[in-house]
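Asker: I need the structure of the sequence given here:
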Amino acid sequence: MFDTADLYGQGHSEEVLGEALHDRRHQAVVCTKVGYVMAKRLRFLGRLKSFLRPVLKAVQSVSSRAGDSIVAARASAISQDFSPGYIDAAVHSSLRRLSMEHIDLLLLHSPPVDVESEPVIAVLEKLKASGKIGAFGISVRDPLDADTFLNWQGISALQMRFEPDHAGLLGLVVERAERLGVGIIAREVFSGVAIKDPGARQQALRSTLAQRGIDVALVGTSNIDHLRENLAAL
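Answerer: Numbering: from 1, shown residues only. The predicted model follows:
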């Protein structure tokens, strides 16, 4: 299973994934997310990221205040839109970048709990009926939001952070999701684990997957050594 989003790399992540899977699409489950909107200036800067990265690092190393300003400017350029029209257009844009005819699992990307469910579910069901998506669900911003979204009709999966501080709450959510037939995707499973301790990371991954009701554990992999460590944990 590959998890991405139209926000990651301003769409570049989807393009790379599409290229990687072009001749082996049948071997993968592809999950992407929609709901965030980037200002045009941010999309433009995203295309220049590889050229700007050394400059940004230099600025941030000279002044933490400058680094904070960069983060704040980026945040101000991102908003959210969960209107039916935007969701429909975003899905078609993701399909184009992925070079795919359908998305196996579409997740709404950290929607607020007060988003109106009926029109959103209607457009998602329409996309599902047309074959553009296979299933839909929610990537929740906070585990506290999960119980609210489990009330939505038709969702197939919830994606949540898995942190030790929320163990009790997560257990209750997983138990309810299992009763409802909703899959659970765990992310940030290495939260609080020392990055330089491969044994601790492997144990965290094994512990997560050993929990009843956890269907997928997402593991970010930035180099081949991390990939080997994660595979060894399995």
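Asker: okay, CA-based contacts and neighbour counts for the rest of this
Answerer: Will do.
Asker: can you give me the domain boundaries for this protein?
Answerer: 2-38+80-233, 40-76 (automatic domain parsing).
Asker: by mean pLDDT, show me the worst of the ones you listed.
Answerer: Ranked by mean pLDDT, the domains of the chain end with domain 40-76 in last place, scoring a mean of 57.
Asker: what residues are up against the residue lying closest to V140 once chain neighbours are set aside?
Answerer: In this structure, V140 finds its nearest non-sequential neighbour in S110, 4.8 Å apart by CA to CA, 6 or more residues apart in numbering. By CA atoms under 8 Å, 6 or more residues apart in numbering, S110 lies in contact with G35, I138, S139, V140, R141.
Asker: circling back to that earlier point, just name the most buried of the domains of the chain.
Answerer: Mean neighbours per residue, mean count of other CA atoms under 10 Å, is largest over the domains of the chain for domain 2-38+80-233, with a mean of 17.
Asker: can you give me the first-to-last residue distance of that domain?
Answerer: Terminal residues of domain 2-38+80-233 are spaced 18 Å apart (CA to CA, to the nearest Å).
Asker: now do the strands in this protein.
Answerer: Applying DSSP state E to the chain gives strands spanning 2-3, 30-34, 36-38, 78-80, 103-109, 133-139, 157-161, 183-187, 216-217.
Asker: where do the helices of the protein begin and end?
Answerer: 12-20, 40-47, 49-62, 64-76, 84-98, 117-129, 143-149, 167-180, 198-210, 224-233 (DSSP state H).
Asker: tell me what angle the first one forms with helix 84-98.
Answerer: Read that as helix 12-20. Between helix 12-20 and helix 84-98, the angle comes out at 40 degrees (axes from the mean of the first three to the mean of the last three CA atoms, to 10 degrees).
Asker: residues making contact with helix 12-20?
Answerer: If you take CA under 8 Å, 6+ apart as the criterion, helix 12-20 is touched by T4, A5, D6, Y8, S94, R97, L98, S99, M100.
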